[in-house]
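**Q** quick one, what's the 3D model for this:
(chains A and B)
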Amino acid sequence: MPKCLVCYKWTLDEQDIKVKPEDLSLDSSRAKGKISDFDRNAIEEAALLVEKNGGAVDALSYGTASVKQSLKDALSRGPEKAYWIADASAETADASVTAMVLAAAIRKIGQYDLILCGEGSSDLFNQQTAPRLAALLDMPCLSFVNKLSLDGDTVTATRKLEDCEEVVTVKTPVVIGVLSEINKPRIPSLKQVLGAAKKPNEEIRIADLGLKPEDIQPKAVRKSVKGFVMHRKNVIFKESSAADRVAKLKASLASEGLC
Amino acid sequence: MNFELTEEQQLIGQSARDFAKEYLEPIAVELDHTGDFPKKAVNALAKHDFLGLLIPGDLGGAEAGFVSYVEVIENLSRYCAAVASIVNNHTIAAYAIQNWGTAEQKKKYLPGMAKGEILGGFAIFEHGPTPGVGADALVAIKQDVGYVLNGKKAFVRNAGEAGVYVVFATTDPALGAKALTAFLVEADAIGVKVGEKLETMGLKGCPVADITFENVVIPETAVLGAVNEGTAISAKALAVASVAEAAQTVGIGQAAVEHAAAYAKQRVQFGKPVATLQAIQTLLAEVATDCHLARLGLQNAALLIEEGKPFEVEAAMIKSFLVRLGSKMLLDTCQVEGGFGYSEFMPLPRMFRDIAGTNLLDAPGDFPEKLIAASIA
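**A** Below is the predicted model:
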């Protein structure tokens, strides 16, 4: 029976983030947290695999102090235990740091047959956690997975590539990055929400992971984040006849490759 | 003092919102047109434990508390207040059984109500001036077999769909309301006749009908609470219901103001979005403020209920506040959307009818202002 681990990220809900019109900086002061969208698919897929094949699911997250707020949400979705690493380094962590911390934590927690991640996070969408994690743990990696099944220790996955679908099999252990279309995350029932508080969770301190200071130094340093505003072109066609105005509009769209 | 919902309460609210988006938003318009009972949605509500939210865990409920309950009702009402109304009427019947029922009555009904196998109805109103008085008053006469019920209850929600009704009848016509007693009457009892479904202004899909009782024989064990305790039971249950209905009103109002704000941002007049015009900003700001203050008031009343403290005055205040301002929220948001807001292809007319239905059809046992005034003078 498979032992699964889902790595998830606690992000700000982008719907609550406002762009300040004066300098396009982001105001996230009133933004609530949420489990990153694709990571919810990863949790759901692990829960479905275990419901079908038996086994167990744990969850693991690395974030700032706010990551603790995610535990009941994550546990209400199926995992039996949650591990969490709350550290200020997560504020500036790039994909290399995140993968390094997660891999060290997984080595500490124990062995898993399947390690699932969302294909990309809701905020940065770097799509690097699964492949980097696989490299660090010396496991195969299947990314862009939109269908998954398990038979003994053989995983069959469908990978959605740019212009084709690829079906692959691999022996466990394996790291898998899932796409959003793989499933529809469940809406936790009230009993599942209230039951989450009774499930165990364990803090892992970053100092106990045996990492070197340079391991948690981001290689990519974020200088700024600004909102993107698409400006209207404000083109008005004033030709006298409707036919001429339509012709002008059509030509204009064609010139931009839109028709 | 803490105004923050707990993590569980926030997650329950989020579950309710996700549920409403998935199950209620797609059917809200159709329900408003057909008025058909949304059986599938009600089954899904049960599966997610929303029908047993207040029911104790050992009887199959989620036992999540009244603050979570109003959070759920607000979020369901944002997408379909008719379904929230079904839940409210079911829950108030379960609440009455939970609070005044015997151990046998609780065991008989509450597990099925939590699972959604039995829907509840609360039959208090009559066509006369007050229950127990008037030509059609429901009268329960004690006989050897138990009680025999004759008469009529009016405007019963969930009528025809409920499996059990909490029914109020006078045990002595001469005493009228003073002898009001609560009974548990099963829908399939011989002589229970559900009248034609009433065409209502709003909340379509939540069935409303009169129920006639013709020589309905029920055992003595069907008395809920003590004989002649009905007025006290109904007053407390309706006060609790008024807080749940306030959550329904706030949910509709919040959905309306969010819709109007989104509209105002994209509707361009005089060369700029109308959201930048002071007149529009005033309308939106006032509705958002009313919603916010009403939410604080109803959460406060809900917490008092959850903690078993006196809550009736606070419930009356929030009721009084929303009777004045509930429909105004929709008038003002429709005003923001102008001709579009008045058009049936937009959601605001439906919300307008639903908010009016929420405020018109429900009433506490007394005028809320009377209760409030009595508390201060």
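**Q** which residues of the chain fall in strands?
**A** Let's take chain A. Listed in chain order, the strands found in chain A under DSSP state E are A:3-8, A:10-12, A:18-19, A:26-27, A:33-35, A:56-63, A:81-86, A:114-118, A:141-151, A:154-160, A:165-171, A:174-178, A:201-203.
**Q** you looked at the wrong chain, it should be chain B
**A** Ranges of strands within chain B are B:120-123, B:139-143, B:146-157, B:164-170, B:180-186, B:192-194, B:208-218, B:223-224, B:268-269, B:272-273, based on DSSP E.
**Q** now tabulate those in TSV and tack on mean pLDDT and distance to residue A:219.
**A** The C-beta positions use only the backbone N, C-alpha and C, and glycine is treated the same way. Converted to TSV, the strands of chain B look like this (pLDDT from 0 to 100; distance: least, CB to CB, whole Å):
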stretch	mean pLDDT	distance to residue A:219
strand B:120-123	98	61
strand B:139-143	96	80
strand B:146-157	97	62
strand B:164-170	98	66
strand B:180-186	98	69
strand B:192-194	98	71
strand B:208-218	98	65
strand B:223-224	98	69
strand B:268-269	90	45
strand B:272-273	92	42
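**Q** now the spatially most central residue of chain B, nearest residue through space, not along the chain?
**A** Nearest residue to the geometric centre of chain B (CA atoms, centre = their mean): residue B:88, 3.7 Å. In this structure, residue B:88 finds its nearest non-sequential neighbour in residue B:244, 4.7 Å apart by CB to CB, 6 or more residues apart in numbering or on different chains.
**Q** and that neighbour, how far is that from chain A?
**A** 16 Å (CB to the nearest CB, to the nearest Å).
**Q** and chain A, which of its residues are near chain B?
**A** A:69, A:72-73, A:76, A:187-191, A:193-194, A:196-197 (CB under 8 Å from any CB of the partner chain).
**Q** of those residues, select the buried ones using a ChimeraX command.
**A** Provided next is the ChimeraX selection string for whichever of the residues of chain A next to chain B are buried by 16 or more other CB atoms under 10 Å in any protein chain shown:
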select /A:72,73,76,187,188,189,190,191,193,194,196
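**Q** sorry, back to before: these two touch, right, the residue nearest to residue B:88 and residue B:72?
**A** No: Residue B:244 is beyond contact range of residue B:72, at 9.5 Å (criterion: CB atoms under 8 Å).
**Q** those two: who's more crowded?
**A** More neighbours surround residue B:72 than the other of residue B:244 and residue B:72, with 31 against 28 (other CB atoms under 10 Å in any protein chain shown).
**Q** okay, now residue 234: neighbour count?
**A** Since no chain was named, I'll use chain A. 6.
**Q** please refer instead to chain B.
**A** Neighbours of residue B:234 using other CB under 10 Å come to 23.
**Q** check the one 4 residues further on too.
**A** As a burial measure, the neighbour count of residue B:238 was computed by other CB under 10 Å and equals 21.
**Q** equivalent analysis for residue B:254, please.
**A** Neighbour tally, residue B:254, other CB under 10 Å: 21.
**Q** chain A versus that one, what's the distance?
**A** Taking CB to the nearest CB, one finds residue B:254 at 15 Å from chain A.
**Q** what number of residues lie near the nearest residue to residue A:83 once chain neighbours are set aside?
**A** Distances taken as CB to CB, 6+ apart put residue A:60 closest to residue A:83, at 4.6 Å, once the chain neighbours are dropped. Using other CB under 10 Å, the number of residues around residue A:60 comes to 25.
**Q** go on, residue B:7?
**A** Residue B:7 - counted by other CB under 10 Å - has 17 other residues nearby.
**Q** contact partners for it?
**A** Contacts for residue B:7 (CB atoms under 8 Å, 6 or more residues apart in numbering or on different chains) come out as A:69, A:72.
**Q** tell me which residue of the stretch 151-259 of chain A lies closest to chain B.
**A** Residue nearest to chain B within the stretch 151-259 of chain A (CB to the nearest CB): residue A:190, separated by 3.7 Å.
**Q** correct me if wrong: that residue contacts residue B:63.
**A** No: with contact defined as CB under 8 Å, residue A:190 does not reach residue B:63; the gap is 9.0 Å.
**Q** need the contact list for residue B:343.
**A** Here residue B:343 is in contact with residue B:349 (CB under 8 Å, 6+ apart).
**Q** list phi and psi for it.
**A** phi -90, psi 140 (degrees, to the nearest 10).
**Q** quick check: the gap between it and residue A:147.
**A** Per CB to CB, to the nearest Å, residue B:343 is found 44 Å from residue A:147.
**Q** same check, this time on residue A:17
**A** 32 Å.
**Q** what's the answer for residue A:119, then?
**A** Distance from residue A:119 to residue A:147, by CB to CB: 13 Å.
**Q** between those two, which has more neighbouring residues?
**A** Per other CB under 10 Å, whichever of residue A:119 and residue A:147 has more neighbours is residue A:119, with 24 against 17.
**Q** and the pLDDT for the more buried one?
**A** pLDDT for residue A:119: 95.
**Q** so what's it up against?
**A** A:38, A:127, A:130, A:143-145, A:177-180.
**Q** most neighbours among those, which one?
**A** In the contacts of residue A:119, the most neighbours by other CB under 10 Å go to residue A:178, 30 neighbours.
**Q** quick one: that residue and residue A:41 touch, right?
**A** Yes: shown here, residue A:178 and residue A:41 form a contact pair, counting by CB under 8 Å, at 5.2 Å.
**Q** what do those two both touch?
**A** Both residue A:178 and residue A:41 are in contact with residue A:118, where contact means CB under 8 Å, 6+ apart.
**Q** what's the angle from the longest helix seen in chain B to strand B:164-170?
**A** As assigned by DSSP state H, the longest helix anywhere in chain B is helix B:230-266. Calculated by axes from the mean of the first three to the mean of the last three CA atoms, to 10 degrees, helix B:230-266 forms an angle of 130 degrees with strand B:164-170.
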